[in-house]
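S.K.: Provided below are the primary sequence and the corresponding predicted coordinates.
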Protein chains: 2
Amino acid sequence: MRDFSQDISALALNTATLGHNLDGHGAGWSPEQIIDACAARGYGGIVFWRREIGDRAAEIGERVRAAGMQVVGLCRTPYLTGSQAGSEDEVKASIDMAAGLGAPVLTIVTGGTQPGTKGLADSQKRLAERVAGVADYAAAREVQLALEPLNPMFGGNRTCIMTVRDALRVCDMAGAANVGIAVDVYHVWWDTTLAESLKDARGRILGYHLCDWLEETRDMLLDRGMMGDGVADLRGLRAAVEGAGYDGPCEVEIFSARDWWLRPPDEVLDTIVARFRSVC
Amino acid sequence: MRDFSQDISALALNTATLGHNLDGHGAGWSPEQIIDACAARGYGGIVFWRREIGDRAAEIGERVRAAGMQVVGLCRTPYLTGSQAGSEDEVKASIDMAAGLGAPVLTIVTGGTQPGTKGLADSQKRLAERVAGVADYAAAREVQLALEPLNPMFGGNRTCIMTVRDALRVCDMAGAANVGIAVDVYHVWWDTTLAESLKDARGRILGYHLCDWLEETRDMLLDRGMMGDGVADLRGLRAAVEGAGYDGPCEVEIFSARDWWLRPPDEVLDTIVARFRSVC
């Protein structure tokens, strides 16, 4: 395993950690403020959300690189399945934005179960079709697509893939070289088959997301913990991911309406660095 | 698969479906009212919660059998792991209550992760030790212990087993003939490896719990759906359970503070019968 105690170049900030994924949360820092604050602390990269970018993708991407960091990824496509699925044009627009930023990875939160179906099989099949349908478009723009399995509590309206194994099955069905998976501590920490499932993921892990699972999780969506404050075995999880060949960025993504989003961003960013060195 | 369209003798009511597991919910029917209402509709059995029984276990058990039904089970032991774990005396008292009722199965919701530990391995080991420690006591009273895996969203403070595979592993570690598992639609509907995992469960499935997973689940604990109103593949799930040899009661357990607990119990009980015949 990599030693993060002395080297934080793999550390990336997902801006959702500062409340940037939802209206009315966080301190409202601009992309420029975030870039400068991360660069000053030695972060290796940043992951943005579409809502922050607008028509400034190229400008923001250049600004990140000028500060000595990478744009690690973009969150995310519209849903691809379920009653709230986006159109193909909307999906392609998100790919264009990732390309404009110079983000090598675009995350996919799949969307829920297909209307009128039961269980997950039909929805996963539809998901694979939709991913396959835009994979070439993304490849031509040098964007990889990362299917992110979500904790099963998000079944129904947010996801139709609940485990790494589910995500890899959909990758296999999609059959495109630029489609892989994202592994998020919040979503997979409980999966006692994770290391086994990841054996089939070699070369297909496109992202690793850090946070923690609080013993008393008070809100399923917006009460994630800072690394070290919860019950996830962070070292064990990273060992499984790196054991499957992953050596890329580790992206901190903490949705925390009751705690971290209420704190000054400087404090949040400093805490992340300390925890990244000590417990991740 | 069994045909429930003409035969509802396998149908059991878990009284939580009438709000009986939480103070201040439901219509407040007595055990006697529930027994009479279920018997009148042809239910085969009832599952009670400890809080309803008090010191009337033998009396209520006899009343159920006199009405031509079975006491199918009792919910549940105190937690066995985590920061809120109960004492051995408290666990034995719940076994005594099940025996007094004549309930063949006592459900175990395990409790959360052991204080000071990360991940699930230590907690599952502790769970197996605690189960093994009371298994003989339960066997002497003709009570079987059913480990119920919970949806991973309940990790941290409520469970340390998230899947049928987890539960079977703990059964193996406990190594007692009267320890098995309960399979609940709400907790397992999303698990695409369920049928595969259940192949190892033959002879160890002690209960099958029915409800549905609503597409828009608004509260993780108290917004379960009536069978047919959600996205779970109920027929497929029962096929997997029966394929592993289960031919026992199917227990309807719907925590629903916003919907079914607000309705008259007669309407709830009638709806269950209709849905049991048509969609389960």
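M.R.: Yes, it's here. What you see is a predicted model, and the numbers here were worked out from it, not measured in a lab. Residues are numbered from 1 along each chain as shown, chains lettered A, B, ... in the order given.
S.K.: Helix or strand: which one has the residue of the stretch 1-150 of chain A at minimum distance from chain B?
M.R.: Nearest residue of the stretch 1-150 of chain A to chain B (CB to the nearest CB) works out as residue A:119 at 3.2 Å. C-betas here are computed from N, CA, C, even on glycine. Under the criterion DSSP states H and E, no helix or strand holds residue A:119.
S.K.: Check the one 4 residues further on too.
M.R.: Secondary structure assignment for residue A:123, by DSSP H and E: helix A:121-140.
S.K.: packing partners for that helix?
M.R.: Packing contacts for helix A:121-140, counted by 3 or more CB pairs under 8 Å, 6 or more residues apart in numbering or on different chains; DSSP states H and E, involve helix A:88-101, strand A:144-147, helix A:164-174.
S.K.: which residues sit against that helix?
M.R.: Contact partners of helix A:121-140, identified using CB atoms under 8 Å, 6 or more residues apart in numbering or on different chains, comprise A:80-82, A:85, A:88, A:91-92, A:95, A:98, A:106, A:108, A:110-114, A:117, A:144-145, A:147, A:160-161, A:166, A:169-170, A:173-179, B:192.
S.K.: Could you identify the buried members of those residues?
M.R.: A:80-82, A:85, A:91-92, A:95, A:98, A:106, A:108, A:110-114, A:117, A:144-145, A:147, A:160-161, A:166, A:169-170, A:174, A:176, A:178-179, B:192 (16 or more other CB atoms under 10 Å in any protein chain shown).
S.K.: Can you give the distance from the helix holding residue A:123 to the centre of its chain?
M.R.: Computed by CA atoms, centre = their mean, to the nearest Å, the chain-centroid distance of helix A:121-140 equals 18 Å.
S.K.: Next, the angle helix A:164-174 makes with that helix.
M.R.: Per axes from the mean of the first three to the mean of the last three CA atoms, to 10 degrees, the angle that helix A:121-140 makes with helix A:164-174 is 60 degrees.
S.K.: Using CSV, write out every CA atom in helix A:121-140.
M.R.: Taking Å, rounded to 0.1, in the frame of the first residue of the first chain, the C-alpha atoms of helix A:121-140 are listed here in CSV:
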residue,chain,number,x,y,z
ALA,A,121,-32.3,-7.3,-13.8
ASP,A,122,-34.2,-5.2,-16.3
SER,A,123,-32.8,-1.9,-15.0
GLN,A,124,-29.3,-3.2,-15.1
LYS,A,125,-29.8,-4.3,-18.7
ARG,A,126,-31.2,-0.9,-19.6
LEU,A,127,-28.3,0.8,-17.8
ALA,A,128,-25.8,-1.2,-19.8
GLU,A,129,-27.5,-0.3,-23.1
ARG,A,130,-27.5,3.4,-22.2
VAL,A,131,-23.8,3.3,-21.2
ALA,A,132,-22.8,1.4,-24.3
GLY,A,133,-24.8,4.0,-26.3
VAL,A,134,-22.6,6.9,-25.2
ALA,A,135,-19.3,5.1,-24.6
ASP,A,136,-17.8,5.9,-28.0
TYR,A,137,-18.9,9.5,-27.7
ALA,A,138,-17.0,9.7,-24.4
ALA,A,139,-14.0,7.8,-25.8
ALA,A,140,-13.7,10.3,-28.6
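S.K.: rewinding a little: switch the helices and strands packed on helix A:121-140 over to TSV; also include distance to residue A:273 and mean pLDDT.
M.R.: Listed next are the helices and strands packed on helix A:121-140 as TSV, based on distance: least, CB to CB, whole Å; pLDDT from 0 to 100:
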stretch	distance to residue A:273	mean pLDDT
helix A:88-101	24	98
strand A:144-147	25	98
helix A:164-174	28	98
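S.K.: I'd like the ones you listed laid out as CSV, including distance to chain B.
M.R.: Output for the helices and strands packed on helix A:121-140, formatted as CSV (distance: least, CB to the nearest CB, whole Å):
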stretch, distance to chain B
helix A:88-101, 21
strand A:144-147, 14
helix A:164-174, 6
